[in-house]
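A.B. asks: got a predicted structure here, sequence first:
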Amino acid sequence: MRDAFVRALVREMAVNPRIVLITGDLGFGVLRPLWDQYPDRILNGGIAEQGIISLAAGLAATDRTVIVYSIGNFPTLRPLEQIRNDCAYPGADVKIVCVGGGFVYGSLGMSHHATEDMAIMRALPGVTCFTPGDPAETECVTREMLRRKGTCYLRLGRGNEPMVHSEPLTEWAFPKALVIREGTDIALMSAGGILTQTVAAHDLLREKGISARVISFPCLKPVDEDMIRQVIARYPDVITVEEHTVLGGFGGAVCEVAAGEGAPCRIHRMGLQDCYTAVVGNQQYLREIYGMDAKAIAEKTENILRGKGGEAR
Amino acid sequence: MGDYEALVHSAFGKEAPDTGNPEVLAWLIRRNALEMSRISRGSHIGSVFSVAEIIATLYTGVMRVDPRNPGMPDRDRLILSKGHAGSAVYAALAERGFFPVEQLKTHYANGSILSGHVSHKGIPGVEVSTGSLGHGLGIGTGMALGAKMDGASWRTFVVLGDGECDEGAVWESALQAAQYQLDRLIAIVDYNHMQSLFTVEETLKLEPFEQKWRDFGWNARSVNGHDVNALREALEQGKNQAGSGRPSVILAHTVKGKGVSFMENNILWHYRTPQGEEYEAALKELEARRP
């Protein structure tokens, strides 16, 4: 996703000379090609995220689109008040980009696990939040973000994720959710890089004769309410999956919409239960330990369906 | 002229006050702030009285601004980073013709856009909203950087409080402004030596303060922050640093509550609002000092 972001960024920078990027002293290698191409439009703000966000707001006030690039919680939780007061309140054209949503930096420890960022950023009025699920979604939401005025948050995974979509998304309409696999027994809804696990769960379930619909939400805020309404009207059970706390993030957003509908649908939120990680490990290991890998999603689905009818329908 | 305007201008008789004179504007800032504080029962009058000459000097010839065209692209920018002294900026803008003086009486009121801490929404001449300390220098750094990238000549002025310099973010921005060689950025610290509970020295010492800024790569000097001529000279010198590659800071030594004897150097007036006899006594002192 990181590389897809850079690819889209390079294209947008070529057509919009007012795009500037500030990095918080991170992105060695990733940003290098940009640095060579646009030495005057890429700045290193140092390890000073509060200063960087205020600076980005001031720079945006001179008619620029300013990207702030960092990893994990550094561009969000650390300078949260600067994002709220200096960017979101006046509607500054600042785009906050996080590489490493969820457990990407799993072995580095809990400081580097971004597991509350979606809930926190989503709570800020005026902040559009993007949670692409694969490189194809990343390219198209990056383009959308850079052509959309106002404060945005883009939560990326890492480099080298597999493509879920078989080809580039040329006709995505903001803020639409995307049906990745069709299915009739249950809906698996996913936001962010955990999409690979959700799709893999679909495949595991198919082998057992269970038909699961998979939907990706590349935009967390505003969330595609129409899709949520359709899904809860059609399926008695829905699972939401996010590499993030189950409180206030994607699952929370789905429940907020559903609460007003009164549909006879149970929503099961999968993700990190209200806790901090206590062990380290690679991203996939932590997904397994904290119960959001493909196997966990498939098991949860089977249990839900079995609980209803004694066995999978 | 409305009732409110007549009230605050009454000391000038039938003549309109000369708001192009920094001493007159500083007096009008205090006079309006006293009235706004009385009506609203709002706080921070000590901070407003402390910063009055700084704001007045900026708005009387130092900054390039035009009340008839508050958004002109090459205007100088002012950020009041110590947003709690917002009524000083509101009063200066109103008296300079950015919006009606009469509107000042809505300060703090239900439904008003004139918030206790300075807000930019709907108020001509205010660039950014502040209130949480430690944000303004960073925003100013970004504006100055944008101007530099555009090759523009306008300047960015940021007024900070001394207590505000406890915030780490101020020093992140100080490093960044020096790194990017923003020599059209001028910071002014309202150095009244008093914070919210105790003196600066009893809270977190800033001295050697000038040296700290120099060590961070800034031009730094100190002036009497109530002497409009000294302030003007220092601000002009700051403007003349364009080309030096270094941002400038002016440590303006001030007195919290300046202008009303019983408010001066008294922390009580960070919070207290003048009512009844106190209002009358403050008014009497201000009227006696009318320029």
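C.D. replies: Sure, I can see it.

A.B. asks: residues contacting the spatially most central residue of chain A?
C.D. replies: What sits nearest the mean C-alpha location of chain A, by CA atoms, centre = their mean, is residue A:131, with 2.2 Å. Contact criterion CB atoms under 8 Å, 6 or more residues apart in numbering or on different chains gives A:101, A:118, A:155, A:191-192, A:217-220, A:242, A:250 as the residues in contact with residue A:131. All C-beta spots, glycine's among them, are computed from the backbone N, C-alpha and C.

A.B. asks: same question, residue A:214
C.D. replies: The neighbourhood of residue A:214, defined by CB under 8 Å, 6+ apart, consists of A:179-181, A:183, A:187-190, A:195, A:198-199, A:202.

A.B. asks: now with 10 Å, please.
C.D. replies: Shown here is residue A:214, whose contacts under the criterion CB atoms under 10 Å, 6 or more residues apart in numbering or on different chains are A:133, A:164, A:178-183, A:187-190, A:195, A:198-203, A:205, A:241, A:297.

A.B. asks: could you look up the SS state of it?
C.D. replies: Applying DSSP: H, G, I helix; E, B strand; the rest coil to residue A:214 yields a three-state assignment of strand.

A.B. asks: need the phi and psi values for the residue of the stretch 151-300 of chain A found nearest chain B.
C.D. replies: With CB to the nearest CB, the shortest gap between the stretch 151-300 of chain A and chain B falls at residue A:151, namely 14.0 Å. Backbone dihedrals for residue A:151, given as degrees, to the nearest 10, come out at phi -80, psi 130.

A.B. asks: what pLDDT does it get?
C.D. replies: In this model, residue A:151 is scored at 98, pLDDT.

A.B. asks: kindly report the same for residue A:156.
C.D. replies: 98.

A.B. asks: how close does the residue nearest to it when sequence neighbours are not counted sit to chain B?
C.D. replies: Take residue A:156 and drop its neighbours on the chain: the residue closest to it by CB to CB, 6 or more residues apart in numbering or on different chains is residue A:1, 4.4 Å away. The span separating residue A:1 from chain B equals 28 Å under the rule CB to the nearest CB, to the nearest Å.

A.B. asks: count the neighbours of residue A:250 for me.
C.D. replies: Other residues within reach of residue A:250 by the criterion other CB atoms under 10 Å in any protein chain shown amount to 30.

A.B. asks: the stretch 151-291 of chain B against chain A: which residues are in contact?
C.D. replies: Within the stretch 151-291 of chain B, the positions lying close to chain A (CB under 10 Å from any CB of the partner chain) are B:152, B:154, B:156, B:158, B:167-177, B:179-180.

A.B. asks: contact partners for residue A:280?
C.D. replies: Contacts here follow CB under 10 Å, 6+ apart; on that basis residue A:280 touches A:103, A:105-110, A:112-113, A:286, A:289.

A.B. asks: now swap in residue B:69 and tell me
C.D. replies: By CB under 10 Å, 6+ apart, the contact list for residue B:69 reads B:75, B:124.

A.B. asks: please apply the same query to residue B:213.
C.D. replies: Contacts for residue B:213 (CB under 10 Å, 6+ apart) come out as B:165, B:171, B:174, B:178, B:187, B:189, B:219-221, B:247-251.

A.B. asks: next helix or strand past the host helix or strand of it?
C.D. replies: Secondary structure assigned from DSSP states H and E places residue B:213 in helix B:209-215. Per DSSP H and E, the first helix or strand lying C-terminal to helix B:209-215 is strand B:219-224.

A.B. asks: what pairs with that following strand, parallel or antiparallel?
C.D. replies: When sheet partners are counted by DSSP bridges, strand B:219-224 sits next to strand B:248-253 (parallel).

A.B. asks: chain center to the strand it pairs with, what's the gap?
C.D. replies: When distances are taken as CA atoms, centre = their mean, to the nearest Å, strand B:248-253 is centred 12 Å away from the chain's centroid.

A.B. asks: now do the same for residue B:11: helix, strand or coil?
C.D. replies: The three-state label given to residue B:11 by three-state DSSP is helix.

A.B. asks: is it in contact with residue B:286, as I believe?
C.D. replies: Yes - using CB atoms under 10 Å as the test, residue B:11 is close enough to residue B:286 to be in contact (8.2 Å).

A.B. asks: ok, residue 51 - contacts?
C.D. replies: This is for chain A. With contacts taken as CB under 10 Å, 6+ apart, residue A:51 has the following neighbours: A:22, A:24, A:45, A:79, A:82, B:134-135, B:137-138, B:141-142, B:168-177.

A.B. asks: wrong chain, I was asking about chain B
C.D. replies: Counting by CB under 10 Å, 6+ apart, residue B:51 has contacts B:26, B:29, B:33, B:80, B:82, B:84-85, B:88-89, B:159, B:161, B:188, B:190, B:192, B:225, B:252, B:254, B:256, B:258.

A.B. asks: can I get the lengthiest helix in chain B as CSV, trimmed to CA atoms?
C.D. replies: In chain B, ranked by residue count with DSSP state H as the criterion, the top helix is helix B:22-40. Output of helix B:22-40 as CSV, limited to C-alpha atoms (Å, rounded to 0.1, in the frame of the first residue of the first chain):
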residue,chain,number,x,y,z
PRO,B,22,-0.3,53.5,18.8
GLU,B,23,-0.7,55.1,22.2
VAL,B,24,-4.3,56.0,21.5
LEU,B,25,-5.0,52.5,20.1
ALA,B,26,-3.4,50.9,23.1
TRP,B,27,-5.6,53.1,25.3
LEU,B,28,-8.7,52.1,23.3
ILE,B,29,-7.7,48.4,23.6
ARG,B,30,-7.7,48.8,27.4
ARG,B,31,-10.9,50.8,27.5
ASN,B,32,-12.7,48.3,25.3
ALA,B,33,-11.3,45.4,27.2
LEU,B,34,-12.5,46.9,30.5
GLU,B,35,-16.0,47.3,29.1
MET,B,36,-16.0,43.9,27.4
SER,B,37,-14.9,42.3,30.6
ARG,B,38,-17.5,44.1,32.7
ILE,B,39,-20.3,43.2,30.3
SER,B,40,-19.3,39.6,29.8
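
A.B. asks: so which elements touch it?
C.D. replies: Counting contacts by 3 or more CB pairs under 10 Å, 6 or more residues apart in numbering or on different chains; DSSP states H and E, helix B:22-40 packs against helix B:3-9, helix B:45-57, helix B:86-95, helix B:228-239, helix B:276-288.

A.B. asks: chain B contacts on chain A?
C.D. replies: For chain A, the residues found near chain B under the criterion CB under 10 Å from any CB are A:18, A:20, A:22, A:40-41, A:43-64, A:66, A:79, A:81-82, A:84-87, A:89-90, A:92, A:94.

A.B. asks: out of the residues you listed, which end up buried?
C.D. replies: Buried residues within these, counting neighbours by 16 or more other CB atoms under 10 Å in any protein chain shown: A:20, A:22, A:41, A:43-46, A:48-62, A:64, A:66, A:79, A:82, A:84-87, A:89-90, A:92, A:94.

A.B. asks: restricted to strands, list these.
C.D. replies: Helix and strand membership here follows DSSP state E; of these, those in strands are A:20, A:22, A:43-44, A:66, A:94.

A.B. asks: so who does residue 55 touch?
C.D. replies: Going with chain A. Taking CB under 10 Å, 6+ apart as the definition of contact, the neighbours of residue A:55 are A:22, A:43, A:45, A:48, A:66, A:68, A:82, A:86, A:94, B:137-146, B:172-173, B:176-177, B:180.

A.B. asks: chain B was what I was after
C.D. replies: When the contact criterion is CB under 10 Å, 6+ apart, the partners of residue B:55 are B:22, B:25-26, B:29, B:48, B:78, B:80, B:85, B:88-93, B:159, B:188, B:190.
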